[in-house]
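Undergrad: Let's see this in three dimensions:
(one chain, ligands or ions: 1)
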Amino acid sequence: MHLLINRRRYWQGSYTNLGTHLQTVAESPSDANSESKTKLVGVVDVTALRDEAVLQHLQGADEYLYVSGLAVSKRFRRRKIGSCLLKACEMLSVLWGFKYLVLRAYEDDLGARTLYANAGYRVVSRDPPWLTSWIGRRRRVLMIKQSNFLNLINSTFQL
Ligand SMILES: CC(C)(COP(=O)(O)OP(=O)(O)OC[C@H]1O[C@@H](n2cnc3c(N)ncnc32)[C@H](O)[C@@H]1OP(=O)(O)O)[C@@H](O)C(=O)NCCC(=O)NCCS
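TA: This is a model prediction of the structure:
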């Protein structure tokens, strides 16, 4: 399995967007002899952000790494690829010196929420009721995780 990091920079200020693409070289033993076939199996984006509404939950931080767009191809789910992509986000966070990782999940999406909780994210707030009742959007929870080198090493050996 390969982890590719595609880096895209936008022109606005310090806004940085990074795409992390996970690829696998062989899907099954029958593919083992075929020439370096690669297949995209999962993606995730990380973005450096400074949203005040989020920063109020992050002690001592003036910026954070926002994780979004996590998705794993249906055939490859429940093989820890999602967990692995989250781990890659965490590595980038530590490498770049961010103190926190932040993401949002739908409140009723128990699969994604279990994945994030297992990866060490905790819920710090929810979308305000007016956003869901007036606009009719599914309610989301805001989840955060402190990123530091020791946490990363410890949790890597639990995967
Ligand atoms: C959510 C998603 C990224 C998970 O990817 P994955 O590679 O299957 O996740 P993992 O194999 O790393 O799962 C790790 C753990 O998370 C939990 N988990 C993951 N998916 C789950 C599900 N559908 N239901 C319940 N628990 C789930 C389990 O505890 C799992 O461990 P286990 O398989 O040993 O029980 C994938 O299902 C997906 O792409 N879904 C559609 C897009 C999406 O919902 N993205 C999240 C947006 S917030």
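
Undergrad: close to the ligand, is stretch 101-121?
TA: Yes - Stretch 101-121 is in contact with the ligand by C-beta under 6 Å from any ligand atom, via 105, 110-112, 114-115, 118. Bear in mind the C-beta positions are built from the backbone N, C-alpha and C, glycine included.

Undergrad: for stretch 75-85, same thing?
TA: Yes - against the ligand, stretch 75-85 shows contacts by C-beta under 6 Å from any ligand atom at 77-83.

Undergrad: what sits against residue 144?
TA: When contacts are counted by C-beta atoms under 8 Å, 6 or more residues apart in numbering, residue 144 touches 57-58, 64, 100-102, 121-122, 124.

Undergrad: need the next SSE after the worst-scoring helix or strand of the chain on mean pLDDT, C-terminal direction.
TA: The weakest-scoring helix or strand in the chain, judged by mean pLDDT, DSSP states H and E, is strand 16-24 (a mean of 44). Later in the chain than strand 16-24, the nearest helix or strand by DSSP states H and E is strand 39-49.

Undergrad: same for that next one, what does it pack against?
TA: Helices and strands touching strand 39-49, by 3 or more C-beta pairs under 8 Å, 6 or more residues apart in numbering; DSSP states H and E, are strand 16-24, strand 64-72, helix 81-96.

Undergrad: Which residues of this structure lie near the ligand?
TA: 70-72, 77-83, 105, 110-112, 114-115, 118.

Undergrad: Could you rerun that using 8 Å?
TA: 42, 68-74, 76-86, 103-106, 109-112, 114-116, 118-119 (C-beta under 8 Å from any ligand atom).

Undergrad: Fine by me, thanks again.
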